[in-house]
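In: Give the three-dimensional model of this entry:
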Amino acid sequence: MSVASLLIPYSQSLPHIYACGLAVGLGSGCWNSIANVWLIEIWQNRSAPFLQLIQFMYGIGTILSPLVNQLFLNDDDITANTLSHTFVNKSAQTVDLVEMRRESLKTPFLINGLIQFTFPTLLVLMYVIRRYEVPEQILPDTIDYKNKKSEQKKNLFKTSDESPRKTLILMFAILLMFYNACEGLHFQFGPSYYQNMELRLTANRAAGIISVLAIAYTIGRGVNVFVAIKIRAKAMIEYHFLIVIIGFILLFFSQNSLVVLRIANLVLGFGFSALFPAMFAFIKQYIDITNQIGT
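Out: Sure, this is the predicted structure:
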């Protein structure tokens, strides 16, 4: 992941960019699933706040990333419309604009790659210094009363026919697939969309809008660390999906209004904040989340 991130600004062809994107996508996907499974394995029935906490740290990264990018995107006079016009004319100015953007992005991608490189280094050190041991599973008679009902439901899928369990896993995977597409596409392609919508935002302003989304996203995850202690995962999933729907309705009506666009991103950021970890906490009530299921 870190090496692929470093190489993206140096890409000279689409296949090269696609290869880097494939490496980053596979790496981030594996890490995301494994980290959640690991936390569930460690904390078991008390994992919900910790799942929210790790996603809160992810949210901090989504804030810092566009803010770092903004420092190197000083092209306030260059919009997506300008770039498309120069590409059509095939002029020398097109090459200059592309090279200017390429050079300006090398430093933030370098910072991103170096930060990513620290985590596998720390994991290797942890493995050498103090190797992880799988904790004992909490049995139904050793958990508190609040969790007994959930544990009994989970055992039903263990002792009954395998069909309901497989169906539940399939439904959970489909739900995660569509949700991740919704959240991931908005974070990744939001800046490009904002530069090409009717407002025609500059790259700098588009990155600023995504930072607004990321701030709401991170604040929501910080709040949800404590909310998850008091409110069931099912209820969190329900009202956060409602918030996301409201956010997309606002986004639809933000084509000509920067204020509405910012409000829409605030609402979407808070709506997205709890869903992914809450889904894992919810499904944990019914089945054991193994590495295979998490992947």
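
In: Over to the nearest residue to residue 8 once chain neighbours are set aside. Which of the three states is it?
Out: Of all residues not flanking residue 8 in the chain, residue 20 sits nearest, at 4.8 Å (C-beta to C-beta, 6 or more residues apart in numbering). In short, each C-beta sits where N, CA and C put it, glycine included. Three-state call for residue 20 (DSSP: H, G, I helix; E, B strand; the rest coil): helix.

In: Make sure residue 20 is actually in contact with residue 11.
Out: Yes - using C-beta atoms under 8 Å, residue 20 makes contact with residue 11 at a distance of 6.4 Å.

In: Looking at those two, which one has more neighbours?
Out: residue 20 (21 against 15; other C-beta atoms under 10 Å).

In: residues touching that one, list them.
Out: 4-5, 7-8, 11 (C-beta atoms under 8 Å, 6 or more residues apart in numbering).

In: Return the members of those classed as buried.
Out: 4-5, 7-8 (16 or more other C-beta atoms under 10 Å).

In: nearest to residue 60, of those?
Out: residue 5 (17.7 Å; C-beta to C-beta).

In: now the helices for the stretch 1-150 of the chain?
Out: Taking DSSP state H, counting those that start in this stretch as the criterion, the stretch 1-150 of the chain carries its helices at 2-7, 14-43, 48-72, 80-89, 92-129, 145-159.

In: Now mean pLDDT and distance to residue 168 too, for the ones you listed, in CSV please.
Out: Listed next are the helices of the stretch 1-150 of the chain as CSV, based on pLDDT from 0 to 100; distance: least, C-beta to C-beta, whole Å:
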stretch, mean pLDDT, distance to residue 168
helix 2-7, 86, 34
helix 14-43, 80, 16
helix 48-72, 75, 19
helix 80-89, 49, 44
helix 92-129, 79, 31
helix 145-159, 47, 7
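
In: Skip the chain neighbours and tell me the closest residue to residue 24.
Out: Counting by C-beta to C-beta, 6+ apart, the residue nearest residue 24 is residue 4, at 4.9 Å.
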